[in-house]
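>>> Mind folding the following:
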Amino acid sequence: MIIKNVELETVCGITSKIPQNQMPEIAFAGKSNVGKSSLINGLVNRKALARTSSQPGKTQTINFYNVNQECYFVDLPGYGYASVSKEVKAKWGKMIENYLHTSQVLKAVFLLIDIRHEPSGNDINMYEWILANGYEPIIIATKLDKIKRSQIQKHIKMLRVGLNVVPGTKILPFSAQTKQGKEEILAVIDELVGGEDGD
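Model (predicted):
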């Protein structure tokens with residue numbers, strides 16, 4: 001997939017109606033500060049399309065990015081904030097759940113997890129929750145540049161075991177700094193959006 005143009009088309013807050021898009025959607029989930037915005041910016045070759053912040057919880061809406069007029073990248077609010085009230089967290093949970101149930105064109109959910117650490121309780125809950133909503137997440141292991149090359153397989157195995165992933169689940173290591181893994185992720189998206197299911 002060669003990304004020629006991309007724009008933020010729709011922003012959904014807690015009370016917004018989910019758009020009835022016709023083009024395939026690829027959603028990105030992950031806890032705050034795992035690098036979701038950096039990943040989206042990296043994939044589309046923009047520095048600041050998705051706003052990055054050192055303050056967790058910057059994405060508090062569901063953002064739909066129209067990519068090449070052929071698919072949407074959907075940035076879901078992060079999870080696991082300390083600074084957000086339980087009530088707001090519950091609303092975000094409902095918002096994401098509503099999206100997973102409402103979208104007719106969602107092809108896959110990518111779940112971003114920091115490759116350096118064992119999956120947190122929040123990561124495991126999110127993984128199981130996406131499964132329970134009918135999707136098998138594809139894992140993107142972020143912050144790849146922060147570990148030694150010789151450690152990569154060991155850390156991927158740690159994520160596999162920690163999340164107790166469904167057999168056959170893809171785990172794609174990625175670095176926002178070096179862009180390592182970008183081509184592999186775009187190839188998977190290409191396959192998903194290529195409409196293998198005949199639509």
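
>>> and the residue nearest the centre of the chain, bridged to which residues?
For the chain, the residue nearest the mean C-alpha position is Phe28 (1.8 Å; Cα atoms, centre = their mean). As for beta bridges, Phe28 partners with Asp75, Phe110 under DSSP bridges.

>>> Contacts only, for it.
Lys36, Leu39, Ile40, Phe73, Val74, Asp75, Leu76, Val109, Phe110, Leu112, Ile140 (Cβ atoms under 8 Å, 6 or more residues apart in numbering). In short, each C-beta sits where N, CA and C put it, glycine included.

>>> Which of these sits closest to Gln22?
Val74 (14.1 Å; Cβ to Cβ).

>>> what's the pLDDT at the closest one?
As summarised for this prediction, Val74 has a pLDDT of 96.

>>> Pretty sure it sits against Tyr99.
Yes: here Val74 lies in contact with Tyr99, judged by Cβ atoms under 8 Å, at a distance of 7.5 Å.

>>> Give me the more crowded residue out of the two.
Applying other Cβ atoms under 10 Å to Val74 and Tyr99 shows that Val74 carries more neighbours, namely 25 against 20.

>>> How much space separates the closest residue to the more buried one other than its chain neighbours from Leu112?
Of all residues not flanking Val74 in the chain, Ala27 sits nearest, at 4.2 Å (Cβ to Cβ, 6 or more residues apart in numbering). Separation of Ala27 from Leu112 (Cβ to Cβ, to the nearest Å): 11 Å.

>>> same question, Pro167
Going from Pro167 to Leu112 by Cβ to Cβ gives 21 Å.
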